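**Student:** have a look; sequence and predicted model below, questions after that.
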Amino acid sequence: MIEVNNLHKSFGDTEILKGISTRFDKGKTNLIIGQSGSGKTVFLKCLLGLFEYEEGTISYDGKIFSKLSEDEKRNLRSEIGMVFQGSALFDSMTIAQNVMFPLQMFTKQSKSEMEDRVDFVLKRVNLDDAHNKMPSEASGGMQKRVAIARAIVNKPKYLFCDEPNSGLDPKTAIVIDNLIQEITDEYQITTVINSHDMNSVMEIGEKIVFLKNGLKAWEGSNKTIFKTDNEVVTDFVYSSNLFKKVRKMYIEENE
Amino acid sequence: MTYLHNIGTYFLMIAEMFRKPTKWVVMKQLILKDIDDLIIGSLGIVAFISFFVGGVVTIQTALNIDNPLIPKYLVGFATRQSIILEFAPTFMSIIMAGKVGSFITSSIGTMRVTEQIDALEVMGINSLNYLVFPKFISMLLYPFVISIAMFLGILGGMAACVYGGFSTLEDYIVGIQNDFETFHVVYAFIKTFVFAFILATIPSFHGYYMKGGALEVGKASTTSFVWTSVAIILLNYLLTQMLLS
């Protein structure tokens, strides 16, 4: 579980995060949504410890991140898996080497044990025949799946995903969403996803935090987002005609 | 203020580079890869340039010695001194700032742009140790490259001298043996070690701390070349003043 309390972050005189408090539960897919410029990426980078913040606390299962020593922070980070927006695979390594990398860095497993784990994880993301391909030879969807495999190979306690569906076709995006949700459920990981893809919100948003102008404007789930009367959320969610129609149908069905 | 800030950040980067070392089994592979990229990969261009510049130095020296009272062996002597004292350690390092330096800046800069460095940091890896330290270790072999440059420069001078008809092989060999001071070679290798450190770290600094996208990677490579060359020239002056005067 990750708890955030009164988080403030500024760049120079511009305050980006203006006191966000929320909680991300274990075994759930937690989504951070909001318009571009709402502070989602800054929030995620603060959670990951890539940005320092001026005020507030972030605690990982009770351990307050800012109070940890550098070594403790590094140890905590070894329990974090991250799927970057652009996948961030290492160009000079094959897909199997990319996935094996966290094992080489943080475990004392033998080579055959590591290979077995890589085989298992690649199979889990449906990439059992891509071991020797270079990242540049893989499609966007495959790269995302490799990034997920790399993120989960060392059995992380926390999984972060920054726009995991960006640049993917709707069908592949659903595959990636389902994969993240299955893995979260299967390994009981605390998953935090930064997204503005409404399909993801509807499919896997077990908890949704809506940010606007650096503030938490709304909090709920994919079950409650349809019912909310919060104008800020409805403006965002129903900005597309498709979702306007879906909402109308949903309300009609439930009346 | 920006310059002071950058200089401070550069020294902090060097201190951080030695902290929290990467596992040896991984580091070993990185060092071998960097030796291949930075040292072995530079041998061809170093050999080519050294041989022909050695020839040019010899021809120009020979053409400028038109006084019959000056002995012919002076051509070999002047070539040896130019190559060992300046051309091989200093000017070859400036050429390497273009070749190796821009490779380092662009490869690390691309990793920054594509969030690969963030990926390392999120995993709890000291990215400076992972990326810069193997380059620093690999560049400890740089004096080997400079030895080859010295040898081929003098060999190129000999070929130009003999086949160009500027003096005889015997005169050239007498020249390169004449008044030889071992300390000049020591001085050249002290400079080479210092330049190797500069060649590994300044381009890494420009790549690691760059901001922006693909265009900025190109700009960072150019800036890195300029500052690496400036540092080499300034340190060359200071070391020469300290060691030879």
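**Tutor:** Here it is on my side, so go on. Every value quoted in this text rests on a predicted model; they were computed, and no experiment measured them.
**Student:** for the rest of this, base every contact and every neighbour count on C-alpha atoms.
**Tutor:** Fine.
**Student:** what's near enough to touch the nearest residue in space to residue A:25 that is not next to it in sequence?
**Tutor:** Leaving aside its sequence neighbours, residue A:25 sits nearest to residue A:1 (CA to CA, 6 or more residues apart in numbering or on different chains; 4.7 Å). Taking CA atoms under 8 Å, 6 or more residues apart in numbering or on different chains as the criterion, residue A:1 is in contact with A:23, A:24, A:25, A:26, A:60, A:61, A:190.
**Student:** for chain B, what lies in contact range of chain A?
**Tutor:** Residues of chain B lying close to chain A (CA under 8 Å from any CA of the partner chain) are B:22-23, B:26, B:114-116, B:118-119, B:121-125.
**Student:** among the residues you listed, name the buried ones.
**Tutor:** Neighbour counting over these (16 or more other CA atoms under 10 Å in any protein chain shown) leaves B:22, B:114, B:115, B:116, B:118, B:119, B:121, B:122, B:123, B:124, B:125 as the buried ones.
**Student:** in which helix or strand would I find the fifth one?
**Tutor:** In other words, residue B:118. Per DSSP states H and E: residue B:118 is located in helix B:116-122.
**Student:** which SSE is immediately downstream of that helix?
**Tutor:** Assigned by DSSP H and E, the successor of helix B:116-122 is helix B:127-131.
**Student:** next up, the contacts around residue 132.
**Tutor:** Using chain A. Contacts here follow CA under 8 Å, 6+ apart; on that basis residue A:132 touches A:94, A:95, A:96.
**Student:** sorry, I should have been clearer: chain B.
**Tutor:** Residues counted as contacts of residue B:132 (CA under 8 Å, 6+ apart) are B:17, B:200, B:201, B:204.
**Student:** what's the neighbour count on the nearest residue to the first one once chain neighbours are set aside?
**Tutor:** The reference is to residue B:17. Distances taken as CA to CA, 6+ apart put residue B:129 closest to residue B:17, at 4.4 Å, once the chain neighbours are dropped. Other residues near residue B:129 come to 22 when the count uses other CA atoms under 10 Å in any protein chain shown.
**Student:** tell me the residues of the stretch 51-200 of chain A that contact chain B?
**Tutor:** A:73-82, A:84, A:86, A:88-90, A:102, A:104-105.
**Student:** quick check, pLDDT for the residue in chain B positioned nearest to chain A.
**Tutor:** Nearest residue of chain B to chain A (CA to the nearest CA) works out as residue B:124 at 4.3 Å. Note on residue B:124: pLDDT of 85.
**Student:** counting neighbours, what do you get for residue A:49?
**Tutor:** Number of residues near residue A:49 (other CA under 10 Å) recorded here: 17.
**Student:** list the contacts for it?
**Tutor:** Listed by CA under 8 Å, 6+ apart, the contact set of residue A:49 reads A:65, B:122.
**Student:** any idea how far it lies from residue B:124?
**Tutor:** Plainly put, residue A:49 is 10 Å away from residue B:124 if you go by CA to CA, to the nearest Å.
**Student:** please apply the same query to residue B:92.
**Tutor:** From residue B:92 to residue B:124 the distance is 38 Å (CA to CA).
**Student:** how about the residue of chain B closest to chain A, what does it touch?
**Tutor:** Counted by CA under 8 Å, 6+ apart, residue B:124 has contacts A:73, A:74, A:75, A:76, A:77, A:78.
**Student:** make it 7 Å
**Tutor:** A:74, A:75, A:77, A:78 (CA atoms under 7 Å, 6 or more residues apart in numbering or on different chains).
**Student:** could I get the full set of strands for chain A?
**Tutor:** A:2-11, A:14-24, A:29-33, A:55-60, A:63-64, A:80-83, A:158-162, A:190-194, A:207-212, A:215-220 (DSSP state E).
**Student:** pLDDT below threshold where in chain A?
**Tutor:** Across chain A, the ranges flagged by pLDDT under 70 are A:255.
**Student:** got the phi and psi for residue B:73?
**Tutor:** Backbone torsions of residue B:73, given as degrees, to the nearest 10, read phi -70, psi -10.
**Student:** you'd agree it is up against residue B:172?
**Tutor:** Yes. Between residue B:73 and residue B:172 there is a contact under CA atoms under 7 Å: 5.3 Å.
**Student:** these two - which one has more neighbours?
**Tutor:** Taking neighbours as other CA under 10 Å, residue B:73 and residue B:172 compare with residue B:172 leading, 27 against 21.
**Student:** which residue, other than its chain neighbours, is closest to that one?
**Tutor:** For residue B:172, the spatially nearest residue (CA to CA, 6+ apart) is residue B:76, at 4.5 Å.
**Student:** now residue A:197
**Tutor:** residue A:165 (7.4 Å).
**Student:** who touches the closest residue to chain B within the stretch 51-200 of chain A in this structure?
**Tutor:** Per CA to the nearest CA, residue A:74 is where the stretch 51-200 of chain A lies closest to chain B, at 4.3 Å. Listed by CA under 7 Å, 6+ apart, the contact set of residue A:74 reads residue B:124.
**Student:** distance of it relative to residue B:79?
**Tutor:** From residue A:74 to residue B:79 the distance is 55 Å (CA to CA).
**Student:** what's the answer for residue B:210, then?
**Tutor:** For residue B:210 relative to residue B:79 (CA to CA), the value is 41 Å.
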